[in-house]
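Enquirer: what's the 3D shape of this:
(2 chains)
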Amino acid sequence: MKKLAPALAALSLAATAGTALAQDVLRVSAIPDEAPTELQRKFAPLGAYLGKELGMKVEFVPVSDYASVVTALTSDKIDMAWLGGFTYVQAKERGRVVPLVQREEDARFTSKFIASAASGARSLKDLKGKTFAFGSASSTSGHLMPRYFMQKQGIKPESHFKTVAYSGAHDATVAWVASGKVDGGVLNASVWDKLVEGGKVDTDKVKLIGTTPAYYDYNWTVRANLDAKLQKKIAAAFLKLDAQKPQDKEILELQRATRFIPTRPANYQGIETAAREAGLLK
Amino acid sequence: MLNRDPARWPRLLTALVVLALLVPSAAYTRFDPFALFQPETLSTLAGFVAGFFPPATGAAFLAEVAKETLTTVAVASVGLALAMAIGAPVAFAVSRGLDAHRLSGERARPLAEGGKSALRAAMVLLRGVPEIVWALLFVRAAGLGSLPAVLAIGLAYGGMLGKVYAEIVESQPAQPARALAAQGAGRFVRFAWGVWPQALPELISYTVYRWECAIRASAVMGFVGAGGIGQLLDTSIKMMNGGEVSTLLIVFLLLVLMTETVSRFARRASESRAGLAVVVSAMLALFVASVAWLAPGWQGFEFAALPRFAAEFFPPDTDAATLAELARGTLETLAISLLGSAIAFFGGALLAVPAAGRFGAPARAAARLLLNLLRGVPDLMWAALAVLAVGLGPAAGVLALALHTSGVLGRLFAETLENAPREPETALVALGAGRVAAFVHGLLPQVIAQWLAYTLYRWENNIRIAAVLGIVGAGGLGQQLYLALSLFQQQAAASVIVAMLLLSWGVEQISRAVRRRLEA
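Expert: Numbering: from 1, shown residues only, chains lettered A, B, ... in the order given. Alright, predicted model coming up:
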């Protein structure tokens, strides 16, 4: 069996060499802030649209956790990713990335605090000594910003709540509060609105108890060494989407965007400061 | 004949200390056995369990399951091959059974001896870090997919094989190697002609057994994003899709059953020369097929990223806040292991009685099936499921350990019951004692010492497991490691890993000392 070790090494070397090919496929991923099936559903028409606009194949690479998207983007394994504000800052810290566009909504994004009706809580104060769930630890709207704003109000989650848990995703947080597994939680306002509009959450069981101040969140970011012309074409394709056109409307609705606007690194300075103050970025 | 347990006082004392620690442990892990039976928990649980039926059978899903099952087997096989590539040369280099100065009275060379000690220490480190932690590290360093899982199994099992292969070599009769040494034969000749022919069946047999373990390990790698059946299970659990979860559990249990059968068959076959040839060829074929299956997915794995990533772990974070967190995590890990093992003692005992056939054959079969089920599902899988039942946190870890260990202990307890002499009990019944009284006074005293010894041994093992259960959200040090690595706080992660290693090392030292005392 010992003879097989060099063969193994040679094989994996050959595999690594295969990646440095000319760009004919755009590999895209997204932080898994919702169920994997939901991510695919949201991406399908956008992917088709980008493929047509850019004249190249667009491939969605599903990834199981937030940190892996950051690693994949900064190690050039994917070309573009849908990142949260915090994951963007992490990517910027760990490699060279360029934020291209964001939804108009992302410039004034908020998080919603929720509590189960059974807990009787009407505010964060009422949740003292109860159980609480954030989304993913790497989430901007499901963890970082709510934590930061709580801290500003003098609430330290680890001592204010009986337990602090991380559900992993926004829709999971709602499911947990609805099932009574935790008393309260916090999630992305956009997902909350979508679940309420779609009747996916029983508002008799899950109560809205607060909203954070606004902050910058999600964006579409590319790796910095992606062809500059291609970067421009991608940004242009996003900015061209128009809710007046029926075919664009479907894409925008799935992305929960009225339109896309250009973004720049400075927009995320506030997130970076919050991350340092909350001790999540060292 | 009723033997008095010579170690009854130390055992009794240990039992009392353990009991005294249980109450604070329960408080510390916030494990509330009664909360499990509260109406709302029960209705959530009932809803989830009811969702298990019927198992998901959609064609697309089944195709996915088949694909990931193959990946699981392939990862285990290639991982084991890598482990052999690490373990075999190391064992050859360090095994005392091949040392010239031990075989022929030649003088030992200090430099060579120092090198061997360093190699042994490296092997301790490789196997001291649990494979799931290796997998998580590789996933963070160089991306998702099956290669991190292969490397994780390769390193952790490489450390194990290095040690065990060396021990197997040492356990062979020394005369042939000694005779060769006396003729001035070198290390390789001493090995190839003095040890290899007699050690081969045992080496192969142990390797096949490790392959069986590797399959179970490979099945949970997906919990950290390293592919295989565990990845599907992770997604289905997160999405609370009970039907998919039950299909995956059934497939997993069938896979384990199949592996156990193949492994038993192969180990029996390796006793004969012809059988050995068949087993070795089958292993080679499996390895080649596995590499062919996995290699396309290895594209883009960045080996170059590994050293840079490793450098980020130094120096480990030692600021006061991190250390306080670590102390808390360590205590939580200990509390989880203690409470989980204690509950498993009672659970195992309750199931062992019917499993030993004391309530008739149907009850025996049912109890054995339940024990196999509890034991067959790995701790990490139970933890992922327990997180659903009781929420994230240490309570889920307690439940997971309690379930898995009940299965392990129940089987061992049942065996002790079956092997214990029945005369005292029969005599008591003949004198008019009730069934319960006869059992308690006639049988239990003979087995209880053995039961406690098994439980203590399992507890030691469970401390190491409790340290990693947090990777799927079940509290303790593992949860801190997962959070630190998610936030790219490598230095804090390094501190957690050091704490894990120290905990595991400390427990081993204490248990070795205790066992020596008991044996003396």
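Enquirer: mind checking the SS state of residue B:315?
Expert: Secondary structure, DSSP: H, G, I helix; E, B strand; the rest coil: residue B:315 is coil.
Enquirer: which ones are touching it?
Expert: Under the criterion of CB atoms under 8 Å, 6 or more residues apart in numbering or on different chains, the contact list for residue B:315 reads B:491, B:494. The way it works is simple: take the backbone N, C-alpha and C, and place the C-beta from them, glycine included.
Enquirer: Confirm residue A:112 sits in a helix?
Expert: No - counting by three-state DSSP, residue A:112 is not found in a helix; it is strand.
Enquirer: And for it, nearest residue in space, chain neighbours not counted?
Expert: Spatial nearest neighbour of residue A:112, excluding adjacent residues (CB to CB, 6 or more residues apart in numbering or on different chains): residue A:192 at 4.5 Å.
Enquirer: got it, and residue B:275?
Expert: Using CB to CB, 6+ apart, the closest residue to residue B:275 is residue B:269 (3.3 Å).
Enquirer: Tell me how far the residue in the stretch 51-200 of chain B that chain A sits nearest to lies from residue B:190.
Expert: When distances are taken as CB to the nearest CB, the stretch 51-200 of chain B reaches nearest to chain A at residue B:85, 3.9 Å away. In this structure, residue B:85 and residue B:190 are 22 Å apart, going by CB to CB, to the nearest Å.
Enquirer: ok, those two, which is more surrounded?
Expert: Between residue B:85 and residue B:190, residue B:190 has the larger neighbour count (other CB atoms under 10 Å in any protein chain shown), namely 24 against 21.
Enquirer: show me what contacts that one?
Expert: B:98, B:100, B:103, B:177, B:180-181.
Enquirer: What is the nearest of these to residue B:43?
Expert: Of all those, the one with the least separation from residue B:43 (CB to CB) is residue B:98, at 63.7 Å.
Enquirer: Hmm, residue B:187 is touching residue B:95, no?
Expert: No - between residue B:187 and residue B:95 there is no contact under CB atoms under 8 Å: 9.6 Å.
Enquirer: Tell me which of these two has more neighbours.
Expert: Shown here are residue B:187 and residue B:95; by other CB under 10 Å, residue B:95 has more neighbours (23 against 17).
Enquirer: Low-confidence ranges, the chain, go.
Expert: As the question left the chain open, I've gone with chain A. Counting by pLDDT under 70, the ranges of chain A that qualify are A:1-22.
Enquirer: could you do chain B instead?
Expert: B:1-8, B:11, B:32-38, B:40-41, B:44, B:144, B:300, B:518-520.
Enquirer: Ignoring the adjacent residues along the chain, who's closest to residue B:225?
Expert: Closest to residue B:225 by CB to CB, 6+ apart is residue A:64, at 4.2 Å.
Enquirer: do the same with residue B:267
Expert: In space, residue B:267 is closest to residue B:205, 4.5 Å off (CB to CB, 6+ apart).
Enquirer: Next, count neighbours for residue B:63.
Expert: 10.
Enquirer: tell me which element it is part of?
Expert: Residue B:63 belongs to helix B:59-94 when assigned by DSSP states H and E.
Enquirer: Run through the neighbouring helices and strands of that helix.
Expert: Other elements packing on helix B:59-94 under the criterion 3 or more CB pairs under 8 Å, 6 or more residues apart in numbering or on different chains; DSSP states H and E are helix A:4-17, helix B:110-128, helix B:146-171, helix B:196-220, helix B:229-238, helix B:242-269, helix B:273-294.
Enquirer: how far is it from where the chain is centred?
Expert: 16 Å (CA atoms, centre = their mean, to the nearest Å).
Enquirer: ok, and for that helix, which residues are buried?
Expert: B:61, B:65, B:68-94 (16 or more other CB atoms under 10 Å in any protein chain shown).
Enquirer: OK, contacts around residue B:424?
Expert: Contacts of residue B:424 by CB under 8 Å, 6+ apart are B:2, B:441-443, B:446.
Enquirer: My read is that residue B:226 contacts residue B:146, right?
Expert: Yes - counting by CB under 8 Å, residue B:226 does reach residue B:146; the two are 6.8 Å apart.
Enquirer: which neighbours do the two share?
Expert: residue B:75.
Enquirer: okay, the two: which has more neighbours?
Expert: residue B:226 (32 against 28).
Enquirer: how about the more buried one, what does it touch?
Expert: Contacts of residue B:226 by CB under 8 Å, 6+ apart are B:75, B:135, B:138-139, B:144-146, B:148-149, B:152.
Enquirer: May I have the secondary structure class of it?
Expert: Residue B:226 - assigned by three-state DSSP - is coil.
Enquirer: tell me the SS of residue B:358?
Expert: coil.
Enquirer: returning to what we had before: next step: the contacts of residue B:190 restricted to helices.
Expert: With DSSP state H as the criterion, helices contain B:100, B:103, B:177, B:180-181 from among those.
Enquirer: Give me the buried entries from these.
Expert: B:100, B:103, B:177, B:180-181.
Enquirer: would you list the residues you listed in JSON lines and tack on distance to residue A:204?
Expert: Formatted as JSON lines, these follow (distance: CB to CB, whole Å):
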{"residue": "B:100", "distance to residue A:204": "81"}
{"residue": "B:103", "distance to residue A:204": "80"}
{"residue": "B:177", "distance to residue A:204": "78"}
{"residue": "B:180", "distance to residue A:204": "83"}
{"residue": "B:181", "distance to residue A:204": "83"}
